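Student: sequence and predicted model, in that order:
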Amino acid sequence: MTLKTPEKSTRRYGKAEGTDYQSPEVWSKVTGKAVYGIDHAMPGMLHGKILRSPYPHARIKKVDTTAAEALPGVRAVLTGTELESKPFGIAVEDELPLAVDKVRYIGDEVAAVAAVDLQTAERAIKAIKVEYEELPAVYDPAEALQEGAPQLHDNFPGNVAWERELERGSSSAAFAGADVVVEESFTIPAIHPAYLEPISCIAVDDPYTGITLHTALQSPDAVRKIVAGALNYPLSKVHVNGPVMGGGFGGRVYGNLKVYILSAMLAIKSGRPVKIQLTREEEFTAGRPMIAAAIKMKMAVKSDGTILGREADIITDNGAYSGQAPWVSKTLSERNDSVYRIPGIKTRVRLAYTNKIPTGQYRAYGNQVANFATESLIDMAAKKLGLDPLEMRLKNCVREGDITVHGLQVGKCGLSECLQAAAREIGWDHKKAGHGYGLSVAIHANGSLVFDKNFRGASALARLELDGRITLFTGEQDYGQGTHGAFAQIAAKALDVRPAQITVESKETKTAPFSTGALAMRQTTVGGKAIQLAAEDLREKIFKAAAELTGEPVTMKNSVLNTMSGRTLELGEIAYHYHNNTSGLNLTGEGKFVPEESDYDESGYGNISVAYSFAAHAVELELDKTTGAITVNRLVAAHDSGRIVNHLTARGQVYGGVAQGIGMSCFEGCLFDEGRMANATLADYKIPTALDLPEIDPLFIEIEDPVGPYGSKGLGEIVMVPVIGAVANAAADAAGVRITDLPLTAEKIYQAMAGWECEQ
Amino acid sequence: MSYLIASSLDEVLTSLRDGSGKARVVAGGTDLYLQDLPYGLVDLSCLKGTTVIEQEDDLISLGSAVTHTAAASSPLVLSRARALAEGCEVIGSPQIRNIGTIGGNVVNAAPAADAAVALVGLGAEAVIIDIEGNIRQEAVENLYWEYNRSLIDSTREVMISLQFKPCMDGEGSAFTRFAARRALALPMVNAAARVKLENGLVKEIRLVAAPVNPAPTRLVKTEELVIGKPVNDQTISMVERSAAEEVEVRGSLLRCSARYRLHLVGVLVSRALKTAAERAMGQGKAGE
Ligand SMILES: Cc1cc2nc3c(=O)[nH]c(=O)nc-3n(C[C@H](O)[C@H](O)[C@H](O)COP(=O)(O)OP(=O)(O)OC[C@H]3O[C@@H](n4cnc5c(N)ncnc54)[C@H](O)[C@@H]3O)c2cc1C
């Protein structure tokens, strides 16, 4: 394959059609008409508020709610003891809606109230008297795993929430035969997705329909199931109705389960709709940031740069409850292994309970966390061997037809093309003197089976409306990524109509098909394929109905049907014809995409996904040696996400993901002081501003994939992954020293250059 | 709660008098609205005079309700008091700069407030009137009681204006700052310098750094070392060393360690001096 440099001029400032189609959905947002969860209110609605633990670890001796209940305007008060709930959880069942005997972090939910207004609810919370007996606490995950450490959960001895030891191929042979071994320890703090709209939920309890949660979620079906379990309600009596979402980034896959469960419980108890809305401070102190990690990693390399093996000992910091952390830890500990041809790996991961904020996930599911370690080691090895980091990556990166060390079957793969394109565009061959340059690569799955081995695909419906328009029913949520616009484009192509003729419905779980959720970069590839199949099915049905009506075979072009004899028919005519003949049905296409080819064994070995996306990022930065401050000037993001369905939204995904990657590399991280989050505001938890971002140049290497709709693959998560490694490598290139502790602040870089003892 | 948009200074003083300690002056409100609000607010930002920037005789005078945007874009400030323009143009974000004022920046008394540090660097004095009508004039650095607390009692005193001498021939000023990100971040350290050169040698100098003490702090020892010397590489490195030796600073989990902050004090003070001196040398021509 020969590589063409994508033409930037046409890609950057796009047309409003074709692959730059602008979904009409965006207009409600840019004109301020979109109604977000926090904007919602309902007649008779109460305001809920949660009482949280002020201690990192304490026994609850007594909860006295008398004064709170006596306050005028208070309609319901809940405590843990009265609920008699059984533990719930995502990967591990270790949470209760409200603490019963113990609190395990500062922010742990102890009681909840619903009152006629927020002020009364806040007053009621303050009126609840709780007697605590403080217990010794543990904050460092490595310490938590040591003998004698304070124990958080009786049924998880040693504070181990989840662990895994894994060897594939022979890593000991690899290290015995290595010319060079590089080894380093890396630390990455907990990172909050920092979506702009704090999580809120209005729960309505109706005697006939059951509980409806008005809250925006990436995976409404997954949340529904957990909430139904926690409430002990039948699944068909729990619904989610999603308003517009003010940012998700993985943080709203499961969102904040406590908020949903408690608002529902308060609604049941009070008989009124109840809204709980987190404050920004609660988002930070009781939200679900992505797990912090300490990664000890070493790599065995031959003198020509061939990677022979790698070993890792990883400790991830669960916080007080597990959430998705076991799954995130798994992805974190293995996905990077599959971006290179590595014959042998050995990994130990331990997820430790600590008396800190429970954790969740963030765009890319930990893949970006380990990217920092893996890609740093590649550059360290290249330096030791005197090799060009680009050459070393090209030598080892996976290619089409490979089966990786974890059993992933690499289909179409433009990774080496991405590397070459990113390097060429950044000026790898004619670097500016004194500037730092760095590369990094990534692989990410398009829908992974880890969530549910038995459920691997997606389904969709395409309905012809009586006016000739088409409605798509899907469970895939769009919260700004552009999924629905892309679905309209995919269906439009299958049907040969204009995307603007298509509306996408997904908000209500009552009517939408089931979906695993907007996660694991599965929407375009897996969800979009179901859309394509549904549209194709509808198209066949339209032809059939048209043939019945006219008695002739028909063809369709630009939304109009033509018969052999030259008669033309509008889609609306067919819709009515069918409607009349069936006493009211609509022509409806069904799409079921059930990928057979993906599976894995007990050890997790196997092809976990239908397709894989690839990326290579290149960074150019400058370093102020007197302060250690880096200025990332430019980041070239080369992506193989197959054929791009929509360049406008794809570029948007790259800009946003890179911005978040820059945030994680240079600015972000939850800081703790004795278990208390010290930077729990957006003033102190520093996400990058527009001024802190580099020029970002997306390049798409469009190699058609055989599985995804019209050759496309996923993009949303992988955009963040390589940023961290590329920035770290460029900073090390400029500074001559390597920082192994994120974020790469000026202070750390200066300290390292000056040879100071670390004071952090 | 009451909110009065005052139309005369008299009205401000009367309202404060009537409020007997429960009414307080407000300008942009960017600091005040983050705190528990007092019973009465008296807004002086629409008063004639409080938003004026002018030069009279050999004094530049800025009304206390001059916004950061106005100060940063004033031709007079840009040419005769660059340090203040540089201090104001980096505060918060465009929205904050459009409404926050230099008077509020000083009275809020944050230890490293950007406009306040620049003003101390320039040698500014505040003109203050109390509810009895007494007027006094005080150097900005003398207006601090303790961390985040001004000696100006905004329930009975009003800052009317800030005044300082313009940088004339052979004089220059500069402001520097270092923060975790490029906007919406309080500085780890900020610094300002004002220097007057005669025959290439330092005749007068003011070097200021923050946060060192509750008030922006003059580095008098370092200033003395520089008097009579040319501002060359040698002097600059001496200033870098001396500035860091002269002060004591605190470290914090949120911003940076004390050791790094000390290092930054040296770097930023010397940078400010270097730029101020360059401007002093260019001032004869460029500073018309
Ligand atoms: C998001 C954000 C970012 C910020 N970033 C920065 C930054 O980077 N650097 C920085 O230095 N500051 C920053 N600030 C702080 C603030 O914007 C400035 O201190 C601003 O100059 C305050 O002016 P104001 O007019 O808004 O004061 P106000 O809030 O109106 O008043 C502040 C205090 O001064 C008193 N006061 C005001 N005017 C007078 C007067 N004439 N006489 C007597 N008392 C008076 C008030 O009673 C009050 O106590 C930031 C603030 C926010 C919210």
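Tutor: Yep, that arrived.
Student: how about residue B:175, what does it touch?
Tutor: By CB atoms under 8 Å, 6 or more residues apart in numbering or on different chains, the contact set of residue B:175 is B:82-84, B:86-87, B:114, B:117-118, B:121, B:190-192, B:272. For every residue, glycine as well, the C-beta is placed using N, CA and C.
Student: ugh, wrong one, residue A:73
Tutor: Residue A:73 makes contact with A:115-117, A:120, according to CB under 8 Å, 6+ apart.
Student: distance of it from the ligand?
Tutor: According to CB to the nearest ligand atom, to the nearest Å, residue A:73 stands 32 Å off from the ligand.
Student: buried residues in stretch A:586-599?
Tutor: Buried residues in stretch A:586-599, defined by neighbour count with 16 or more other CB atoms under 10 Å in any protein chain shown: A:587-589, A:591, A:593, A:595, A:598.
Student: out of the contacts of residue A:73, which are buried?
Tutor: Buried, going by 16+ other CB under 10 Å: A:115-116, A:120, out of the contacts of residue A:73.
Student: thinking again about what came up before, inside strands: which ones of the buried residues of stretch A:586-599?
Tutor: Mapping these onto strands (DSSP state E) picks out A:588-589, A:591, A:593.
Student: report whether stretch B:192-207 contacts the ligand.
Tutor: No: using CB under 6 Å from any ligand atom, stretch B:192-207 stays clear of the ligand, with a minimum separation of 12.5 Å.
Student: quick one: end-to-end distance for that stretch.
Tutor: End-to-end distance for stretch B:192-207: 6 Å, by CA to CA, to the nearest Å.
Student: so residue A:653 sits against residue A:480, correct?
Tutor: No: look at residue A:653 against residue A:480 with CB atoms under 8 Å: they stay out of range, at 9.5 Å.
Student: can you point out the buried residues in stretch A:126-139?
Tutor: Of the residues in stretch A:126-139, A:127-128, A:130, A:132, A:135, A:137-139 count as buried by neighbour count, 16+ other CB under 10 Å.
Student: brain fart, stretch A:662-677
Tutor: Buried, per 16+ other CB under 10 Å, within stretch A:662-677: A:662-670, A:672, A:675-677.
Student: ok, stretch A:564-573 next?
Tutor: By neighbour count on 16+ other CB under 10 Å, the buried set for stretch A:564-573 is A:569, A:571-573.
Student: looking at residue A:653 and residue A:480, which is more packed in?
Tutor: When neighbours are counted by other CB atoms under 10 Å in any protein chain shown, residue A:653 and residue A:480 differ, and residue A:653 comes out ahead with 25 against 19.
Student: contacts only, for the more buried one.
Tutor: Counted by CB under 8 Å, 6+ apart, residue A:653 has contacts A:481-482, A:715-716, A:719.
Student: farthest pair in these?
Tutor: For the contacts of residue A:653, the farthest-apart pair by CB to CB is A:482 and A:719; their separation is 12.8 Å.
Student: which one of these two is surrounded by more residues?
Tutor: The neighbour comparison of residue A:482 against residue A:719 (other CB under 10 Å) goes to residue A:719, with 33 against 26.
Student: pretty sure the more buried one sits against residue A:651.
Tutor: No: using CB under 8 Å, residue A:719 makes no contact with residue A:651, being 10.2 Å away.
Student: so what's residue A:25 up against?
Tutor: Here residue A:25 is in contact with A:478, A:484-485 (CB under 8 Å, 6+ apart).
Student: next, format those as CSV and append neighbour count and secondary structure.
Tutor: Output for the contacts of residue A:25, formatted as CSV (neighbours: other CB atoms under 10 Å in any protein chain shown; DSSP: H, G, I helix; E, B strand; the rest coil):
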residue, neighbour count, secondary structure
A:478, 22, coil
A:484, 24, helix
A:485, 23, helix
